[in-house]
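> Provided below for reference: sequence and predicted model.
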Amino acid sequence: MEDTHNASIMTKIASFLFFVILTFASFWWFIASSYGTLHSLFYGNEVVYFSKGAMYSLGAGIVLLLLTLLGVYQNVKKTDLSKAQSKLATKVFVLSTVTMFVFPVVAHFSVNNLATKYGYFECKEMSYQWLLYKKIVYVNSQAACTNLAKDTKITKSSSGR
């Protein structure tokens, strides 16, 4: 019996591109945010930004990469995965999902410890959280925190927010 649920070539290409772009975006957000945090911390910038939300994108990027590779594999080979391949894919999926929720917590504690070690403290006026997304701002002096908060108030009031 012929499979009547075959997608068109344009649908396959669009799906592939969607997953590739989303995968690269997830990894890019994680790498750029991590680099910015560590660079600011180790080079002694006055302000260090830590995006806990960006840390979730590591696990999300791995899940998306797995889905992309599995989709390409099955479309090229035109067969289902073997039991061994399915077992491996399930393990990678579970590990990356666990990573998605454990790694941000570990990264937060690590950055917090490093920031404290280098003389930084959290500027509570500038840190914020929305659901799982949390942006933490570390500063090395109370004056930097006050100036940052004052500059933000000026920007918000001048833009009408």
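Good, I have the coordinates.
> Let me see the contact set for the residue most central in space within the chain.
Centroid-nearest residue in the chain, with CA atoms, centre = their mean: Ser57, separated by 2.4 Å. Ser57 makes contacts with Ser26, Phe27, Trp29, Phe30, as judged by CB atoms under 8 Å, 6 or more residues apart in numbering. All C-beta spots, glycine's among them, are computed from the backbone N, C-alpha and C.
> In helices, which of these fall?
Ser26, Phe27, Trp29, Phe30 (DSSP state H).
> Quick check, the second one in contact with Gly61.
Yes: between Phe27 and Gly61 a contact is recorded at 4.3 Å, counting by CB atoms under 8 Å.
> which of those two has more neighbours?
Residue environment comparison for Phe27 versus Gly61 gives the larger neighbour count to Gly61, 23 against 17, counting by other CB atoms under 10 Å.
> any chance you could map the helices in this structure?
Ranges of helices within the chain are 9-42, 52-77, 83-117, 142-158, based on DSSP H.
> looking at the ones you listed, which is buried most?
The densest packing among those, expressed as mean neighbour count by mean count of other CB atoms under 10 Å, is seen in helix 52-77 with a mean of 18.
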